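Peer 1: Kindly return the folded structure for what I paste below:
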Amino acid sequence: MSLVFAGACSHGPGITARPELADAALRDPFFAALGQMREALEAARPDVLVVVAAEHFGNFFMNNMPAFALGMADYYEGPIEDEAFLKIRKRRVPGNRELSERFIQNVLQEADVAYCEEWSFDHGIAVPLHFLAPRDDLVIIPGNINCQGPPLTPLHRAWAFGQALRHAADAIPERVAIVGTGGISHWPATPDSGKINEAWDREFLGRWLRNDKDALLSYTDIDTYRDAGQGAFEIRTFISVAAAAGGAGTLLFYAPIPVFAVGCTAAVMDIV
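Peer 2: Down below sits the predicted model:
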């Protein structure tokens, strides 16, 4: 059929683990924006949601770190984090192996992607699904871009991956939605956890909202690490969505929320 929805949002574990500690003047509009995003997703009536994420060594480690991976199973389990911490119940999330295989076969025409018949979701996928697909009534295809271990997936390859996702979506009869999830600036699991570079975030979001390919691909990992932390390597997921959608974005929410340890974002993108 075609790509029918594209968006991006943050996935920090604190978003569900400790919402009561956040400033309500920021938390409540952020959660409301995620609700708007869910409503827009539901209005698009997708048959399948591809979640392009950056996972956190739950499934891949340095002995086997694919640049790109997509799930190909009838269900996925998660989250792997403790329920008492993340406050999201462990469960099986629906997939569709046959649909996923057809989708992956089309992605492979343009991008080298690993496939996984087992995938345990961590907060990188579980937190977005908590807000965007809370009833577990939507087929999920999980995706991962290597934002974790150097050598990281080059930004221009993340763009090419997004284009491959778009062409794969256009090649199958099902209605496909894509959500990218990650940063933006944050320094997870370091003494700087909770630090957020708002100016850097807003500059990146401006480029993303304009879908300015040249500007998005001009970042270097060294500069990103210096200015926005290792967590900002997850801009790759946003970049892939921009390539897939092709249009301009609409920002539903952005603000630094230090107790969530990330610049919190919810945005949608026009499909052209």
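Peer 1: Show me which helix runs longest in this structure.
Peer 2: helix 24-43 (DSSP state H).
Peer 1: and that helix, what does it pack onto?
Peer 2: strand 2-9, helix 123-132, strand 246-257, strand 262-271 (3 or more CB pairs under 8 Å, 6 or more residues apart in numbering; DSSP states H and E). The way it works is simple: take the backbone N, C-alpha and C, and place the C-beta from them, glycine included.
Peer 1: Buried ones in that helix, by neighbour count?
Peer 2: Buried positions in helix 24-43, judged by neighbour count with 16 or more other CB atoms under 10 Å: L26, R27, F30, F31, A33, L34, M37, R38, A40, L41, E42.
Peer 1: tell me which of those residues is nearest to A17?
Peer 2: R27 (12.7 Å; CB to CB).
Peer 1: For W119, see how far away the closest one is.
Peer 2: Remark: distance between R27 and W119 (CB to CB, to the nearest Å) = 30 Å.
Peer 1: quick one: buried residues of stretch 150-163?
Peer 2: Buried positions in stretch 150-163, judged by neighbour count with 16+ other CB under 10 Å: L152, T153, L155, R157, A158, W159, A160, F161, G162.
Peer 1: just stretch 209-223 next, same as before
Peer 2: In stretch 209-223, counting by 16+ other CB under 10 Å, buried: N211, L216, L217, Y219, D221.
Peer 1: Repeat that for stretch 133-142.
Peer 2: Buried, per 16+ other CB under 10 Å, within stretch 133-142: A133, L138, V139, I140, I141, P142.
Peer 1: At the geometric centre of the chain, which residue do we find?
Peer 2: For the chain, T181 is the residue whose C-alpha lies nearest the centre (CA atoms, centre = their mean; 1.9 Å).
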